[in-house]
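K.L.:
got a predicted structure here, sequence first:
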Amino acid sequence: MNPSTVTPEKIHADPYEKLASKLLLYTLLGILISCIPIFVGIYLTGLASLGIMLGMLVIVFVMCPSLILLYRKLHHLSVGKYWISGFSFIVIFCILWVIPSEVGWAAIYIYIALSLLYLDRKTSILSIIYAIVIEIIHVIFNPFISSSSPMDLVVMFAVTLMVGAVAVSICIVGEKMTHHLEEQRGQLDELLQEIEQSAEKLTAFGTQLQRNVEDTDRIGRELTTGFGEIASGIESQAGSIGEINTSIQQSENFINNIGQTAGDMTELAERAASLTRTGSDQVENLRGSVAEVGHVIDNTYSAMGTLRAYAEEISNVLQSIENIARQTNMLSFNAGIEAARAGEHGKGFAVVAEEIRKLASDSQQATVDITDILTRIHQQTEIVSGGIGQGKDAIGSIRVAAEQTEKLFSSILDETVVVSRRSVDIGSSIKELIETTRHSVMEMGTISAVTEQSSAAARQISSSLEQQTGRVTTIAGSFGELQRLIDALNASLERTVQMEQHMTVVPDEA
């Protein structure tokens, strides 16, 4: 293989291989060190010669440092498991050579079992090859083994092959389980990333929605203040119209009094014309104010539509989060099943899977709570929109009434000019002037009634806007609970990520 094409994953050992190498090192050191008191005891009891005991001591003092040196040099590499596992068979080869027993070859099975620490089929196959080679060498050269019967030798090789086949089968199953767990872990990582992205989008939407509600609340307060000022202006105009009505009634009395001079009549007509112009200007200003208020209400209505749209978008995002939480719960359930199958080795992963299932359940419950809050926000929004619609209708009525009032003021102004022109000929026009004055009194009564209705409508709109402001304030207050639930969801995600990181670090710490 070209070295330039070898990736770091192929060169360096993974955490589980490092852990297996460390366990194999400690096991071999324990076996070698335990041989010292055993062979000393055998020598003291006369079961073994001094040469056998010294040979074992030499093996222990040579193999232990060599094994430690080999571990330090190669345990971090992927090929280290082959060297360390192979060295273990060199150890058993030397031990079997000095053991004065023909049944010592059974220790080979222990070393085949030790190769299972890696759960790697190549390592197990090499262990079988090492074991067969060692047995062949001992059968040929070791007098304790070669003296065995042919049937014992056949059984020895057959048992070695059977134990090796079992070891390879265990490694195949272990590799498949490890691969399956890695795939589930990758899927869990993807789900956690999707949930985190959805939570960030939900936070952004909530912030924007809260900002819009605050703007709506501010506009509602400004509208309330504006309509209060309009109501005060209409009441002031009603007072002015009352004064005009009184003046015209006085003019009628003066006309009925033939002894009054024409100069007084002209002066009264000019005063009436001035008041009429003032009233007309005020009505025109009223129309402009009503138009501005109508524009503000239209903007508010549009903003409430945008608010509903944002609420629907948040509802869609919450549905996605709920689906992701449901899938996470299902994956944690599957992981728990796989951990139960793994037995003692899967207890730690089962605990983690249970915690993930609880977190997924908490996330799903938080999503249900947020959906309930959004439903209440949507209901309050519909109520506010209805109030704004009523305000729009009332503004339209005020606009029509203002146009009618302006037309009436224009008619009054025309009539007053006619009165001023004809006042020089009181004698010939007195009857016509009396009729005109009476007509003006009737029109002023109508104008006064319309003005009172406009004032009442303005007060009603102002009251509706105050109610709208209260509802918007309630909606704004609901965002505190919404933000609390979003924070709880983010905290659950952080705990899940920390648990996953802990799962990754455990082999290195071991």
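P.N.:
Ah, there it is. Residues are numbered from 1 along each chain as shown.

K.L.:
what about residue 229, distance to residue 389?
P.N.:
To residue 389, residue 229 is 23 Å away according to C-beta to C-beta, to the nearest Å. Placement of C-beta: from N, CA and C, glycine included.

K.L.:
how about the helices in this protein?
P.N.:
Ranges of helices in the chain, per DSSP state H, are 8-11, 15-44, 50-74, 80-98, 107-114, 121-141, 143-146, 150-256, 262-342, 347-422, 426-509.

K.L.:
dump the ones you listed into TSV; add mean pLDDT and mean neighbour count as well.
P.N.:
Converted to TSV, the helices of the chain look like this (pLDDT from 0 to 100; neighbours: other C-beta atoms under 10 Å):
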stretch	mean pLDDT	mean neighbour count
helix 8-11	56	10
helix 15-44	87	17
helix 50-74	90	15
helix 80-98	84	20
helix 107-114	79	18
helix 121-141	84	17
helix 143-146	69	16
helix 150-256	72	16
helix 262-342	73	17
helix 347-422	74	18
helix 426-509	64	16
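
K.L.:
where does residue 46 fall, phi/psi-wise?
P.N.:
Backbone geometry at residue 46, expressed as degrees, to the nearest 10, gives phi 80, psi 10.

K.L.:
what number of residues lie near it?
P.N.:
7 (other C-beta atoms under 10 Å).

K.L.:
against residue 72, how distant is it?
P.N.:
Between residue 46 and residue 72 the distance is 40 Å, computed by C-beta to C-beta.

K.L.:
and for residue 86?
P.N.:
17 Å.

K.L.:
one more: residue 474?
P.N.:
70 Å.

K.L.:
and for residue 180?
P.N.:
Distance from residue 180 to residue 72, by C-beta to C-beta: 33 Å.

K.L.:
got a list of what residue 403 touches?
P.N.:
residue 287 (C-beta atoms under 8 Å, 6 or more residues apart in numbering).

K.L.:
just use 68 as the starting number from now, easier for me
P.N.:
From this message on, residue numbering opens at 68, which makes the last subject residue 470.

K.L.:
from residue 463, how far out is it?
P.N.:
Separation of residue 470 from residue 463 (C-beta to C-beta): 11 Å.

K.L.:
kindly report the same for residue 441.
P.N.:
33 Å.

K.L.:
again with residue 138
P.N.:
From residue 138 to residue 463 the distance is 90 Å (C-beta to C-beta).

K.L.:
ok, now residue 385?
P.N.:
39 Å.

K.L.:
residue 405 now?
P.N.:
69 Å.

K.L.:
surely residue 399 meets residue 430?
P.N.:
No: under the criterion of C-beta atoms under 8 Å, residue 399 makes no contact with residue 430, lying 11.7 Å away.

K.L.:
and the closest residue to residue 182 other than its chain neighbours, what is it in contact with?
P.N.:
In space, not counting the residues next to it along the chain, residue 182 is nearest to residue 194; the distance is 3.9 Å by C-beta to C-beta, 6 or more residues apart in numbering. Going by C-beta under 8 Å, 6+ apart, residue 194 touches 152, 156, 178, 179, 182, 231, 234.

K.L.:
how far does stretch 107-115 stretch from one end to the other?
P.N.:
9 Å (C-alpha to C-alpha, to the nearest Å).

K.L.:
name the residues that touch it?
P.N.:
106, 116, 117, 119, 120, 167.

K.L.:
want to throw those residues into TSV with distance to residue 391?
P.N.:
Formatted as TSV, these follow (distance: C-beta to C-beta, whole Å):
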residue	distance to residue 391
106	63
116	73
117	73
119	68
120	67
167	67
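
K.L.:
nearest to residue 558 among those residues?
P.N.:
Residue 558 lies nearest to residue 106 out of the contacts of stretch 107-115, by C-beta to C-beta, at 60.9 Å.

K.L.:
thought that closest one was touching residue 119?
P.N.:
Yes: Residue 106 lies in contact with residue 119 (C-beta under 8 Å); the separation is 6.9 Å.

K.L.:
which residues are in contact with each of the two?
P.N.:
With C-beta under 8 Å, 6+ apart as the test, residue 106 and residue 119 reach no residue in common.
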